[in-house]
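*Asks:* Give me a model of this one.
(one chain, ligands or ions: 1)
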Amino acid sequence: MKPIVQISLDLINIDEALETAALAMRAGVDWLEAGTPLILAEGLHGVRKLREAFPGVPIVADLKTMDGGYLEAEMMARAGATHVVVMARAHAETIKCVVQAGKDFGAKVMGDNMVCESMVDGAKFLEDLGCDYVIHHIGYDERRGIAASGQRMPSPLDQLREVVEAVNIPVQAVGGLSLEQAIQCPQYGAPLVVLGAPLTIDADSFKTASGDLEGSLRMICEAIHSQTTVLPKKT
Ligand SMILES: O=C(CO)[C@H](O)[C@H](O)COP(=O)(O)O
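*Replies:* You can find the predicted model right below:
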């Protein structure tokens, strides 16, 4: 599978999100993500505005659904989301409802294994219930808390290979990845590469010496697109 580049718009203002999304599209990004903070700040209107501005571009709504899954997925799909996100820690019935809504309203379902006791089992559970993709995710608070206690900060790369080997659906690694680590994800068999905080939150420190954010992002997209994801042979 050819790698796909997604940018997470973890912003709290739709104008800033639209501006960042336009730059990302010019640079060669494939998918836009309405991040959780953007959905909280702007709701369905934010997703609709992204859809109007970028017709034909896949939009992931990072809802992190825990309950009431059918309606949440339906509303996001009607607003223009092509992908919705449900949590593995939700009840199995919720995940099934999101999968059903995805079928009824033409959206793909990404299942997120954040804070599962076993992230590998969480990924399998999501696949068994019909999710189309697995998001292998180390949460923001978890990472910060562990780092603050003096321990090594966990990375989604730590168990990425195991997760990729456990399922037959595409995997995306999320949570604190540097740009260099994100670029490496297809080598782990994870073809959906999400670029987050280093671009949307730490944009100033990301710029190269030339200060050209768009040019730097274009180079990153090219580096990701030029790879082929090697998926492990399943037994
Ligand atoms: O969903 C999220 C938080 O729950 C973030 O989008 C995700 O953790 C990405 O984080 P970062 O951009 O720091 O890698």
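*Asks:* residues touching the residue of the chain found nearest the ligand, list them.
*Replies:* The minimum distance from the chain to the ligand, using C-beta to the nearest ligand atom, falls at Gly196 (2.2 Å). The way it works is simple: take the backbone N, C-alpha and C, and place the C-beta from them, glycine included. Applying C-beta atoms under 8 Å, 6 or more residues apart in numbering, we find Gly196 in contact with Ile7, Ser8, Asp10, Gly35, Val174, Leu177.
*Asks:* What about these, which are in strands?
*Replies:* Those of the contacts of Gly196 mapping onto strands are Ile7, Ser8, Val174, per DSSP state E.
*Asks:* Tell me if I'm right that the second one and Gly35 touch.
*Replies:* It stands for Ser8. Yes: with contact defined as C-beta atoms under 8 Å, Ser8 counts as touching Gly35 (4.8 Å).
*Asks:* Spatially central residue in the chain, please.
*Replies:* Note on the chain: the residue nearest the mean C-alpha position is Val194, at 5.5 Å, using C-alpha atoms, centre = their mean.
*Asks:* Just list the residues touching that residue, thanks.
*Replies:* Val194 neighbours (C-beta under 8 Å, 6+ apart): Gln6, Ile7, Ser8, Glu33, Gln172, Ala173, Val174, Leu177, Ala182.
*Asks:* So in the protein, which helix runs the longest?
*Replies:* Ranked by residue count under DSSP state H, the longest helix found in the chain is helix 36-53.
*Asks:* which residues are contacting that helix?
*Replies:* 9-14, 17-18, 21-22, 32, 34, 59, 61-64, 75-76, 79-81.
*Asks:* Would you mind marking which of those are also close to the ligand?
*Replies:* Restricting the contacts of helix 36-53 to those near the ligand by C-beta under 6 Å from any ligand atom leaves Asp10, Asp62.
*Asks:* Can you classify Gly56 by secondary structure?
*Replies:* coil (DSSP: H, G, I helix; E, B strand; the rest coil).
*Asks:* Could you check the pLDDT of it?
*Replies:* Note for Gly56: predicted pLDDT of 96.
*Asks:* And for Asp202?
*Replies:* For Asp202, pLDDT reads 63.
*Asks:* same deal with Lys234?
*Replies:* Lys234 carries a pLDDT value of 67.
*Asks:* Might one say that Leu217 is in contact with Val29?
*Replies:* Yes: assessed by C-beta under 8 Å, Leu217 is found in contact with Val29 at 7.2 Å.
*Asks:* got any residues that touch both of those two?
*Replies:* Shared contacts of Leu217 and Val29 (C-beta under 8 Å, 6+ apart): Leu195.
*Asks:* After the longest helix of the chain, which helix or strand is next?
*Replies:* Heading C-terminal from helix 36-53, the first helix or strand you meet, by DSSP states H and E, is strand 59-65.
*Asks:* Parallel or antiparallel, list what pairs with that next one.
*Replies:* Strand 59-65 sits in its sheet next to strand 31-34 (parallel), strand 83-87 (parallel), going by DSSP bridges.
*Asks:* Flag every residue of this protein that's near the ligand.
*Replies:* So far as C-beta under 6 Å from any ligand atom goes, the chain lies against the ligand at 8, 10, 35-36, 62, 139-140, 174-177, 196-197.
*Asks:* returning to that earlier point: gap between the residue of the chain closest to the ligand and Val60?
*Replies:* 12 Å (C-beta to C-beta, to the nearest Å).
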